[in-house]
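*Asks:* heads up, no residue letters with this:
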Ligand SMILES: NC(=O)C1=CN([C@@H]2O[C@H](COP(=O)(O)OP(=O)(O)OC[C@H]3O[C@@H](n4cnc5c(N)ncnc54)[C@H](O)[C@@H]3O)[C@@H](O)[C@H]2O)C=CC1
Ligand SMILES: O=C(O)C(=O)Cc1ccc(O)cc1
């Protein structure tokens, strides 16, 4: 039987999640390329790909689709190296980078004859990284941007869109430059702000460690994205430098306006600023997964008994309630531990809450 070969370069959070969406589907074979031998072993032992190789040539040979899922700063180099290989005629190369203008420009500089480059960006992810964090549910109900260069034949675009239907994301076509403007404002700028805010509190904490203690809860939640991978985000910010420099200037103006309102004690202006934000936020789509994915957390008092965590995970697992993370927040011998259970979907949280309450656990949100 003829199979469709999908090669994934960089089987991390995003590459691994895509691999899991495709693996095992009729007629598809997924091959992962690893740049280090231990990673190839890991991809196989975790069952994320059908085969893993350290050879770029072997991964790309006869591939129908090639996904570049490496840090943004390496995309151009991977594209250059691949385009020098004997690729299958009609092969579609795509990437998942969080910025789109520079890779689109790099692709334009190539004279691809027998294959196509169509940029892509799944607009969902998390602060976690690596293949350990990969899940086939990551893109469900999210947007997936494609940036086909002018002149891309319909059959190539349609073939990629059709394959991506396994992600259960909604495909949207966007111009790469416009993509970087919008994503700069709704994702890259918030990541910068979250990091700056956490670091500001970290500096205050040097004078009094109560800052860290009391920052639990709300502060921790709104700054989740500050825990994102430093290397991945170094590349994203540098890759969208000009847009971000402009948007940071606008940000500074917004902050300066708040400074002025406070200095002048202008309560009316403060109220108006909150009302404006409130109005716009209420118009944001609620149901679709956005770029910054919420996580739904439950807190559970658990006695410090061996095996308790495994028991809870098993009870959830047998009922197919999908956990995205599990963490013991505090565990001293004299107090019960607090277990945080995180879910990606609200209905998983609701089902878990019902189950755990029926098992007489103390549960809070
Ligand atoms: N993290 C997120 O939530 C999202 C990330 N993206 C994009 O996806 C791409 C991959 O990001 P993630 O999957 O989050 O990162 P990750 O760190 O989980 O995966 C990166 C992959 O690239 C591989 N790699 C190959 N050569 C490398 C090298 N020299 N140095 C470092 N890694 C190398 C790593 O082994 C790993 O498999 C990036 O371009 C990022 O902008 C897109 C959407 C969401
Ligand atoms: O952690 C989060 O929720 C994110 O912000 C995920 C994310 C990160 C990078 C992207 O290009 C798209 C989505």
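*Replies:* On my side now, so go ahead. What you see is a predicted model; the values in this text were computed from it and never measured. Ligands and ions are numbered 1, 2, ... in the order given.

*Asks:* helix, strand or coil for the spatially most central residue of the chain?
*Replies:* The structure's the chain has its C-alpha centroid closest to residue 125; by CA atoms, centre = their mean the separation is 1.5 Å. Per DSSP: H, G, I helix; E, B strand; the rest coil, the secondary structure class of residue 125 is coil.

*Asks:* gap between the two ends of stretch 306-325?
*Replies:* Across its full length, stretch 306-325 reaches 19 Å between end residues, using CA to CA, to the nearest Å.

*Asks:* how about that stretch: buried residues?
*Replies:* Across stretch 306-325, burial judged by 16 or more other CB atoms under 10 Å covers 308-309, 312, 316, 321-324. (Glycine included, C-beta is placed from N, CA and C.)

*Asks:* before we move on, back to that, surely the residue nearest to the centre of the chain meets residue 14?
*Replies:* Yes. Assessed by CB atoms under 8 Å, residue 125 is found in contact with residue 14 at 6.4 Å.

*Asks:* pLDDT wise, what is residue 69 at?
*Replies:* For residue 69, the model assigns a pLDDT of 98.

*Asks:* tell me which element the closest residue to it other than its chain neighbours falls in.
*Replies:* The shortest distance from residue 69 to any non-neighbouring residue, by CB to CB, 6 or more residues apart in numbering, is to residue 15 (3.1 Å). Assigned by DSSP states H and E, residue 15 belongs to helix 13-22.

*Asks:* ok now that helix, how far from the chain's centre?
*Replies:* Mean C-alpha position of helix 13-22 versus that of the full chain (CA atoms, centre = their mean, to the nearest Å) differs by 11 Å.

*Asks:* now do stretch 64-79
*Replies:* In terms of CA atoms, centre = their mean, the centre of stretch 64-79 is found 16 Å from the chain centre.

*Asks:* is any residue of that stretch near ligand 2?
*Replies:* No. On the criterion CB under 6 Å from any ligand atom, stretch 64-79 is out of touch with ligand 2, staying 9.1 Å away.

*Asks:* for residue 66, give the beta-bridge partners.
*Replies:* residue 7, residue 93 (DSSP bridges).

*Asks:* wait, it sits on residue 91?
*Replies:* Yes. With contact defined as CB under 8 Å, residue 66 reaches residue 91; the gap is 6.4 Å.

*Asks:* which neighbours do those two share?
*Replies:* residue 60 (CB atoms under 8 Å, 6 or more residues apart in numbering).

*Asks:* what about those two, which has more around it?
*Replies:* residue 66 (27 against 22; other CB atoms under 10 Å).

*Asks:* can you name the residues that contact that one?
*Replies:* Here residue 66 is in contact with 6-7, 9, 60, 82, 87, 91-94 (CB under 8 Å, 6+ apart).

*Asks:* any idea how far it lies from residue 101?
*Replies:* Per CB to CB, to the nearest Å, residue 66 is found 21 Å from residue 101.

*Asks:* near ligand 2, which residues of this protein?
*Replies:* Contacts of the chain with ligand 2, taken as CB under 6 Å from any ligand atom, map to 98, 123-127, 187, 225, 291-293.

*Asks:* run through this protein and note the low-pLDDT ranges.
*Replies:* Residues of the chain that meet the criterion pLDDT under 70 lie in 1, 287-291, 293-295, 304-305, 329-337.

*Asks:* and the lengthiest helix in it, what does it pack onto?
*Replies:* If you go by DSSP state H, the chain has its longest helix at helix 241-263. When contacts are defined as 3 or more CB pairs under 8 Å, 6 or more residues apart in numbering; DSSP states H and E, helix 241-263 packs onto helix 189-205, helix 267-282.

*Asks:* any buried residues in the first one, and which?
*Replies:* Buried residues in helix 189-205, defined by neighbour count with 16+ other CB under 10 Å: 189-195, 198.

*Asks:* roughly how far is it from the heart of the chain?
*Replies:* Offset of helix 189-205 from its chain centre (CA atoms, centre = their mean): 20 Å.

*Asks:* got the angle for it vs helix 241-263?
*Replies:* For helix 189-205 against helix 241-263, the angle by axes from the mean of the first three to the mean of the last three CA atoms, to 10 degrees is 50 degrees.

*Asks:* what helices or strands is helix 189-205 leaning on?
*Replies:* Helices and strands touching helix 189-205, by 3+ CB pairs under 8 Å, 6+ apart, are helix 210-214, helix 230-239, helix 241-263.

*Asks:* got the angle between it and helix 230-239?
*Replies:* With the same axes, to 10 degrees applied, the angle from helix 189-205 to helix 230-239 works out at 120 degrees.

*Asks:* please see if helix 189-205 touches ligand 1.
*Replies:* No. Using CB under 6 Å from any ligand atom, helix 189-205 stays clear of ligand 1, with a minimum separation of 10.2 Å.

*Asks:* ok, residues contacting that helix?
*Replies:* 211-212, 215, 219, 222-226, 228, 233, 236-237, 244, 247-248, 251, 292.
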